[in-house]
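Undergrad: Mind folding the following:
(one chain, ligands or ions: 1)
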Amino acid sequence: MEKPALPRFPSDFVWGVSTASYQIEGAVKEDGRGPSSWDAFVAEPGRVLGGDTGDVACDHYHRYPEDIRLMAELGVDAYRFSFSWSRIQPGGTGPVNPAGLGFYDKLVDGLLDAGIAPSPTLFHWDTPLELEQAGGWLNRDTAERFGEYAQIVGEHFADRIPRWITVNEPVVLTMLGYGAGIHAPGLELGFGALPAAHHLLLAHGLGVQALRAAGASNIGIANNHAVTWSASTSEEDVQAAGLYDNIANWIFADPILTGAYPQELASLLPEVPEADMVVISTPIDWYGINSYNPMLVGAPTVGEAALMDGHELDASLPFSLRELQGYPRTDFDWPVVPAAFTELLVGFKERYGKKLPPLYITENGAAINTGVDVDGRVPDQRRIDFMDAHLHALRVAMDAGVDVRGYFYWSLMDNFEWAAGFSQRFGLVHVDYETQKRTPKDSYYWYQDLIRHTQP
Ligand code: GCO
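TA: As a prediction, the model looks like this:
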């Protein structure tokens, strides 16, 4: 069968890959790194599938030169990693750990030498444990500490880092970390988690201001978004889906892009000072969207627990997540619906109009758990199909006028997938966790070909 034409993109389109500190670095007790909320969480029996931890992960802390070489051969323009806050400030506040900054100096300089733009996230869920124990993101002080941390990192790297991300996916940390107890810190507060959402957004705004004051530029956020479809046209389902859409999408985007929370949620959200909304909506240069699949939502189903990634959600929630049937699925059992990617992006343009800055896709990817075959290859054709279809869907959105400047595939390499441990493989590069051997998958060579095909 004729190989479908590769999607085409502008010659200055930014091609990248994404990772995160706790998911790949390992070396959790090395060179003065302080413990994070995830170090404590993985130590609690039953929290992570198979008892996996990020203690070693992909050993990126020691193997980053090889990983930079893999990225250089892949041909990416940019690499989205995250700083481990507790490597830089072991207690989350106070003096800097020179060895922690030193690791990131070597990583950043190695990337620059390889012609790859370092595009770090300041915070990707690994909250310094001391701050978590003082209330974490339920405590407004944590947002203030984050602003101080952003100033330290900004002042140290502003002259070398051309693109910045403040916070990764406040929605997931709020819902899974504080609401449903599936992620660190493992609290099950339901809607009582919403103050964490506000403090994470406040941290984002304080981070933007601190980075700019330190001379950094080209600043954005990486928010997770999914198109929300109602399970039926019944009033109950449509109402439940609307509530979920506001909670999962718009309370994390409206404050940043419009300076106000969605009116529909006024009764659910904590009273907040108007000055906070000014900080949260500090202008950004671009908006990052992490997106994987749409969500099907309906009214609570009596007796049937709502599941998220296989975990039961509180049955008293005023909505239930339903299984979206009739689509191919990843090995993580997520539906593959490229058209929903187009719908999401066009929806952003329609919702925000001129208030929407340029977009980057800061994460998109699939867990396809194909291993290394007898020939030493990883024939992950389903990941290639996923990427091809989603890049065509992205092209459709761009042709409809959505201003997208780049795409970062999640992830460069297989890594620690939070509560699922190492069971799910999102990488373009296979990692054998026994030997730490890296094996580029067929999808790595497909992406390499796409990048070459598009680059000038
Ligand atoms: C997220 C996180 C990543 C995940 C990836 C696959 O979006 O949840 O940013 O850390 O590993 O998305 O779930």
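Undergrad: For residue 216, the count of nearby residues, please.
TA: 23 (other CB atoms under 10 Å). Glycine gets a C-beta too; all of them are placed from N, C-alpha and C.
Undergrad: Kindly report the residues of the stretch 351-456 of the chain close to the ligand.
TA: 363, 410, 417, 426 (CB under 6 Å from any ligand atom).
Undergrad: and the first one, how many neighbours?
TA: Number of residues near residue 363 (other CB under 10 Å) recorded here: 24.
Undergrad: How about it, nearest residue that isn't a chain neighbour?
TA: residue 290 (3.5 Å; CB to CB, 6 or more residues apart in numbering).
Undergrad: Show me where the stretch 351-456 of the chain has its helices.
TA: 381-399, 442-454 (DSSP state H, counting those that start in this stretch).
Undergrad: And the residue of the stretch 151-300 of the chain that's closest to the ligand?
TA: Closest residue of the stretch 151-300 of the chain to the ligand, CB to the nearest ligand atom: residue 290 (4.6 Å).
Undergrad: who does that residue bridge with?
TA: With DSSP bridges as the criterion, residue 290 is bridged to residue 224, residue 363.
Undergrad: dump the residue contacts of it.
TA: 168, 169, 222, 223, 224, 225, 361, 362, 363, 364, 410 (CB atoms under 8 Å, 6 or more residues apart in numbering).
Undergrad: Count the neighbours of residue 279 for me.
TA: For residue 279, using other CB under 10 Å, the count is 21.
Undergrad: Surely it forms part of a helix?
TA: Yes: the assignment for residue 279 is a helix, going by DSSP: H, G, I helix; E, B strand; the rest coil.
Undergrad: right, and it touches residue 199 too?
TA: No: using CB atoms under 8 Å, residue 279 makes no contact with residue 199, being 11.4 Å away.
Undergrad: returning to what we had before: just the contacts of residue 290 now: which is nearest residue 35?
TA: The shortest gap between residue 35 and any of the contacts of residue 290 belongs to residue 168, at 19.4 Å (CB to CB).
Undergrad: wait, doesn't the closest one sit right on residue 20?
TA: Yes: using CB under 8 Å, residue 168 makes contact with residue 20 at a distance of 6.8 Å.
Undergrad: which neighbours do these two share?
TA: 82, 121, 124, 125.
Undergrad: do you know how far the third one is from the ligand?
TA: Meaning residue 124. The gap separating residue 124 from the ligand is 6 Å, by CB to the nearest ligand atom, to the nearest Å.
Undergrad: Could you find the closest non-adjacent residue to residue 35?
TA: residue 129 (4.2 Å).
Undergrad: so where is this protein shaky, pLDDT-wise?
TA: By pLDDT under 70, the weakly predicted segments of the chain are 1-4, 303-315, 455-456.
Undergrad: where does it come near the ligand, residue by residue?
TA: Applying CB under 6 Å from any ligand atom, we find that the chain lies next to the ligand at 20, 23, 168, 169, 172, 224, 290, 363, 410, 417, 426.
Undergrad: Look at the first one and say how many residues are nearby.
TA: Using other CB under 10 Å as the criterion, residue 20 is surrounded by 27 other residues.
Undergrad: contacting residues around the closest residue to it other than its chain neighbours?
TA: Using CB to CB, 6+ apart and skipping residues adjacent in sequence, the residue nearest residue 20 is residue 124, 3.9 Å away. Contacts for residue 124 (CB under 8 Å, 6+ apart) come out as 20, 21, 22, 23, 82, 168.
Undergrad: can you check residue 139 too?
TA: Per CB under 8 Å, 6+ apart, neighbours of residue 139: 131, 199.
Undergrad: Return the distance of it relative to residue 41.
TA: 18 Å (CB to CB, to the nearest Å).
Undergrad: what does residue 437 give?
TA: According to CB to CB, residue 437 and residue 41 sit 28 Å apart.
Undergrad: Could you tell me the backbone phi and psi angles at residue 259?
TA: phi 80, psi 10 (degrees, to the nearest 10).
Undergrad: What about residue 453, how many residues nearby?
TA: 12.
Undergrad: For it, which non-adjacent residue is closest in space?
TA: Going by CB to CB, 6+ apart, residue 453 has residue 6 as its nearest residue, at 5.2 Å.
Undergrad: so what's that neighbour up against?
TA: So residue 6 contacts 388, 449, 450, 453, 454 (CB under 8 Å, 6+ apart).
Undergrad: Just the element for it, please.
TA: Using DSSP states H and E, residue 6 sits within no helix or strand.
Undergrad: Please apply the same query to residue 142.
TA: helix 140-157.
Undergrad: do the same with residue 16
TA: Here residue 16 is assigned to strand 14-18, by DSSP H and E.
Undergrad: what's the next secondary structure element after that strand?
TA: Sequence order places helix 21-24 as the next helix or strand after strand 14-18, per DSSP H and E.
Undergrad: contacting residues around that next one?
TA: Looking at what lies outside helix 21-24 - CB under 8 Å, 6+ apart - the contacts are 36, 38, 54, 57-58, 60, 81-84, 87, 124-126, 411, 413, 415-418.
Undergrad: Looking at those, which are in strands?
TA: Cross-referencing the contacts of helix 21-24 against strands under DSSP state E gives no overlap.
Undergrad: Now residue 289: closest residue in space that isn't a chain neighbour?
TA: Closest to residue 289 by CB to CB, 6+ apart is residue 225, at 5.3 Å.
Undergrad: list the helices and strands the one helix or strand residue 40 maps to packs on?
TA: Using DSSP H and E, residue 40 falls within helix 37-42. In terms of contacts (3 or more CB pairs under 8 Å, 6 or more residues apart in numbering; DSSP states H and E), helix 37-42 is packed against helix 129-133.
Undergrad: same for the helix it packs on, what does it pack against?
TA: helix 37-42, helix 140-157.
Undergrad: What strands flank the helix or strand following the last one, and is each parallel or antiparallel?
TA: Per DSSP H and E, helix 140-157 leads on to strand 164-168 as the next helix or strand towards the C-terminus. In the sheet containing strand 164-168, the strands it pairs with under DSSP bridges are strand 121-123 (parallel), strand 219-224 (parallel).
Undergrad: Would you convert the ones you listed into TSV that also reports distance to residue 334 and mean neighbour count?
TA: TSV is the format used below for the strands paired with strand 164-168 (distance: least, CB to CB, whole Å; neighbours: other CB atoms under 10 Å):
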stretch	distance to residue 334	mean neighbour count
strand 121-123	22	25
strand 219-224	13	24
